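Participant: Just to be clear, the model below is a prediction. Sequence and coordinates:
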Amino acid sequence: MKDKISIVGAGLVGSLLAVILKQKGFEVQIFEKRKDPRKSVLTEGRSINLALSHRGIRPLKLAGVYETIAPYLIPMNGRMMHDQAGELTFQPYGKEGQFINSVSRAQLNELLVVSAEKAGVEVYFDHKCSDIDFESNSISFENRENIASDLIIGTDGAFSAIRKKLQFTDRFNFSQYYIEHGYKELAVEPLNDNFRLAPNYLHIWPRGNFMLIALPNNDKTFTCTLFFPFEGDPSFSSLKTKDEVDDFFSKYFKDAQELIPDLTDQFFYNPTSSLVTTKCEPWHKNRSILLGDAAHAIVPFYGQGMNSGFEDVRLFVEMAENMNWEWDKILPSYSSQRKKDADAISELALLNFIEMRDHVADPDFLRRKKLESQIQERYPKEWIPLYSMVTFSDIPYSEALRLGKIQKKVMDEVLTLEESEVNFEQIIERFNALKKGD
């Protein structure tokens, strides 16, 4: 008989992990503090839409659930930039045929919970973890007796109850950082049962210190998210009346304002939420381990929060199989090996916020992107742009970060040249020399 595994957190990562572990023959149960989302009213304005890409799709296929999820995905071929005059500029994400997928977090979570139940996983909602004994490997809940398990996995998000208990153990390091920006969601309803914006793009209104984005949903709506400072002028704290909100959107997001007739009502009704980065180590204690946001919550600006969590699942299962499911060896090995990549995507996500809000409309940035595309076209094996490494490959995040920094150094040098002086062969030679440390 195989081990009994308890997963705390029935979100995206926990549900997917449960499906795969059950398929491997383990006895799996999930405990979730929230009510069953299929039986409760969805709370609007609390969850940024997700962008599913290669790193997330591969584990979904491994679990055999991708075909169930695919009908709910909307491909986005690139960024559609909106300037203050309402003019549009398209920036592809990668090579022709490469795209990311917009998907509702709530829909995806429900599909994964259903898949877990169909696989035979026991899912318990309304089970809030109150304590965990790492020596006996047992979990206490507010409304039932203790549960003992052979393995406990915490996939309970950025404010993980399992991680909080780890913080009281010896030699456990933890940090969290809130950026100065928060976010607020606004819904764009369909017009005559059609999208009000072109659906196959991630729409961005970059405005320097803040920005608005919009992702399509398969019910013909768009979920807009305003990323905006909490304090200062302008900021969430400076917009106190409906007139002030109207004036702000009229000045900075006029074309978006026209898409949302009840903009001010939504603005004051929908919550303003914060954005946190968390880091910790080690991710394990005895026979307990953290995965996903519980181990490494990141800001959403690279669209990799869910994807990195799903990749956690794949890499964890692959390592466990290779090590013959010997948990005492697997947990410390996984915890130490994956940490560097989690730190790397955390850094990349923060850097991409600056790119999205400040640089995407800058002429130098546009020239850089054009040149990188030309380099990749000529040398597709030698030069893969950073965004493509992160979004369309399995290259470890830490290696993508390392190579991306080298690419930036090379491109900074290239951008000082006149167009007639650019030599693509020399660019590749310089890049390869820097990679080797010459």
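Facilitator: Received, thanks.

Participant: Can you list the low-confidence ranges for the protein?
Facilitator: Within the chain, the ranges that satisfy pLDDT under 70 run 1, 41-48, 357-361, 438.

Participant: Spatially central residue for it, please.
Facilitator: The chain has residue 305 as the residue nearest its centroid, 2.1 Å off, counting by C-alpha atoms, centre = their mean.

Participant: That one and residue 12: what is the separation?
Facilitator: Per C-beta to C-beta, to the nearest Å, residue 305 is found 9 Å from residue 12. Backbone N, C-alpha and C define where each C-beta goes, glycine included.

Participant: Kindly report the same for residue 238.
Facilitator: Computed with C-beta to C-beta, the distance linking residue 238 and residue 12 is 35 Å.

Participant: Between those two, tell me which one has more neighbours.
Facilitator: residue 12 (25 against 13; other C-beta atoms under 10 Å).

Participant: my guess is that one contacts residue 308, does it?
Facilitator: No: taking contacts as C-beta atoms under 8 Å, residue 12 lies outside contact range of residue 308: 11.2 Å.

Participant: what touches both of the two?
Facilitator: Both residue 12 and residue 308 are in contact with residue 292, where contact means C-beta atoms under 8 Å, 6 or more residues apart in numbering.

Participant: Buried residues of stretch 182-200, list them for me.
Facilitator: Residues of stretch 182-200 classed as buried by neighbour count (16 or more other C-beta atoms under 10 Å): 182, 183, 184, 185, 186, 187, 188, 195, 196, 197, 199.

Participant: Take the host helix or strand of the second one, keep the C-alpha atoms, and write them as CSV.
Facilitator: Going back to what we said before, that points to residue 183. Using DSSP states H and E, residue 183 sits in strand 173-188. The C-alpha trace of strand 173-188 is given here as CSV (Å, rounded to 0.1, in the frame of the first residue of the first chain):
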residue,chain,number,x,y,z
ASN,A,173,14.4,32.0,7.0
PHE,A,174,11.5,34.1,5.8
SER,A,175,11.0,37.5,4.2
GLN,A,176,8.1,39.3,2.5
TYR,A,177,8.1,42.5,0.5
TYR,A,178,5.1,44.6,-0.5
ILE,A,179,5.6,46.8,-3.5
GLU,A,180,4.2,50.3,-3.4
HIS,A,181,1.5,49.5,-5.9
GLY,A,182,-1.7,47.7,-5.4
TYR,A,183,-4.3,46.6,-7.9
LYS,A,184,-8.0,46.9,-8.6
GLU,A,185,-10.1,44.9,-11.1
LEU,A,186,-12.7,46.4,-13.4
ALA,A,187,-14.9,44.4,-15.7
VAL,A,188,-15.6,45.3,-19.4
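
Participant: Against which helices or strands is it packed?
Facilitator: strand 222-229, helix 263-269, strand 273-281, helix 327-354 (3 or more C-beta pairs under 8 Å, 6 or more residues apart in numbering; DSSP states H and E).

Participant: follow-up on the earlier one: what separates the closest residue to the residue nearest to the centre of the chain other than its chain neighbours from residue 343, distance-wise?
Facilitator: Nearest in space to residue 305, with sequence neighbours left out and distances taken as C-beta to C-beta, 6 or more residues apart in numbering, is residue 298 at 5.5 Å. Note on residue 298: its distance to residue 343, by C-beta to C-beta, is 10 Å.

Participant: Ok, residue 196 next?
Facilitator: Remark: distance between residue 196 and residue 343 (C-beta to C-beta) = 39 Å.

Participant: do the same with residue 280
Facilitator: From residue 280 to residue 343 the distance is 11 Å (C-beta to C-beta).

Participant: Tell me which of those two has more neighbours.
Facilitator: Taking neighbours as other C-beta under 10 Å, residue 280 and residue 343 compare with residue 280 leading, 22 against 17.

Participant: Beta-bridge partners for that one, please?
Facilitator: Counting by DSSP bridges, residue 280 forms beta bridges with residue 174.

Participant: surely it meets residue 175?
Facilitator: Yes: using C-beta under 8 Å, residue 280 is in contact with residue 175, at 7.4 Å.

Participant: Kindly point out which residues are neighbours of both of those two.
Facilitator: Common neighbours of residue 280 and residue 175 (C-beta under 8 Å, 6+ apart) do not exist.

Participant: can you give me the helices in the stretch 1-150 of the chain?
Facilitator: Using DSSP state H, counting those that start in this stretch, the helices of the stretch 1-150 of the chain run over 12-23, 54-63, 66-69, 105-119.

Participant: can you list those in a markdown table and add distance to residue 285?
Facilitator: Shown next, in a markdown table, are these (distance: least, C-beta to C-beta, whole Å):
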| stretch | distance to residue 285 |
| --- | --- |
| helix 12-23 | 18 |
| helix 54-63 | 25 |
| helix 66-69 | 33 |
| helix 105-119 | 25 |
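
Participant: Tell me which of the ones you listed is the most buried.
Facilitator: Highest mean neighbour count of those: helix 12-23, a mean of 27 (counted as mean count of other C-beta atoms under 10 Å).

Participant: Can you pull out the residues in contact with that helix?
Facilitator: By C-beta under 8 Å, 6+ apart, the list of residues contacting helix 12-23 from outside reads 5, 7-8, 10, 28, 30, 32, 59-60, 62-65, 105, 108-109, 112-113, 115-116, 119-121, 123, 153, 155-156, 291-293, 306, 309-310, 312-313, 316-317.

Participant: Likewise for stretch 253-271?
Facilitator: 44-46, 82, 84, 86, 184-188, 196-197, 205, 207, 212, 214, 222, 224, 239, 242, 245-246, 249-250.
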